[in-house]
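Novice: Got a sequence here, can you model it:
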Amino acid sequence: MAVEVVYRSSRDLERLFMDKAEADRHDKMLELAEALASALQNAAPTLSEKQADDLGIFMARHRELFARAFKNNPEALAELPALEKN
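Specialist: Sure thing, here's the model as predicted:
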């Protein structure tokens with residue numbers, strides 16, 4: 001019988017990772033997504049919680065592109081996928 005070490009994200013208990021660093025990156029992405037969702041709901045109270053969560057996750061997954069756009073490179077947003085399905 002073989003033994004496998006797996007890591008579980010503390011914010012997403014259903015996902016398992018084979019690498020601790022990957023699990024940590026996923027946790028950090030979800031933490032950023034949560035903060036973004038909260039900021040988006042504060043800025044646009046008519047957003048539903050699901051919409052804010054979806055937008056927060058999308059932005060967190062593509063944080064490098066958004067960071068480049070915020071640093072006077074708005075053309076970077078053209079690299080975002082048109083539609084992303086989870």
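Novice: so what does the top helix by length along the chain touch, helix or strand wise?
Specialist: The longest helix of the chain (DSSP state H) is helix 20-43. Counting contacts by 3 or more Cβ pairs under 8 Å, 6 or more residues apart in numbering; DSSP states H and E, helix 20-43 is packed against strand 7-8, helix 49-61. All C-beta spots, glycine's among them, are computed from the backbone N, C-alpha and C.
Novice: nearest to residue 72, of these?
Specialist: Set against residue 72 and scored by Cβ to Cβ, the helices and strands packed on helix 20-43 come closest in helix 49-61, at 18.3 Å.
Novice: Can you give me the buried ones in the closest one?
Specialist: When burial is assessed from 16 or more other Cβ atoms under 10 Å, helix 49-61 yields the following buried residues: 52-61.
Novice: Okay, now the unreliable bits of this protein?
Specialist: Counting by pLDDT under 70, the chain contains low-confidence ranges at 82-86.
Novice: how many neighbours does residue 9 have?
Specialist: When neighbours are counted by other Cβ atoms under 10 Å, residue 9 registers 19.
Novice: what sits against residue 66?
Specialist: Residue 66 is in contact with 59, 76-77, counting by Cβ atoms under 8 Å, 6 or more residues apart in numbering.
Novice: That one: which element?
Specialist: helix 63-70 (DSSP states H and E).
Novice: Pull out the buried residues from that helix.
Specialist: So, applying 16+ other Cβ under 10 Å, buried residues of helix 63-70: 65-66, 69.
Novice: Closest one of the buried residues of helix 49-61 to residue 31?
Specialist: Using Cβ to Cβ, residue 60 is the member of those that lies nearest residue 31, at 8.4 Å.
Novice: I figured the closest one was touching residue 30, is that so?
Specialist: Yes. Using Cβ atoms under 8 Å, residue 60 is in contact with residue 30, at 7.3 Å.
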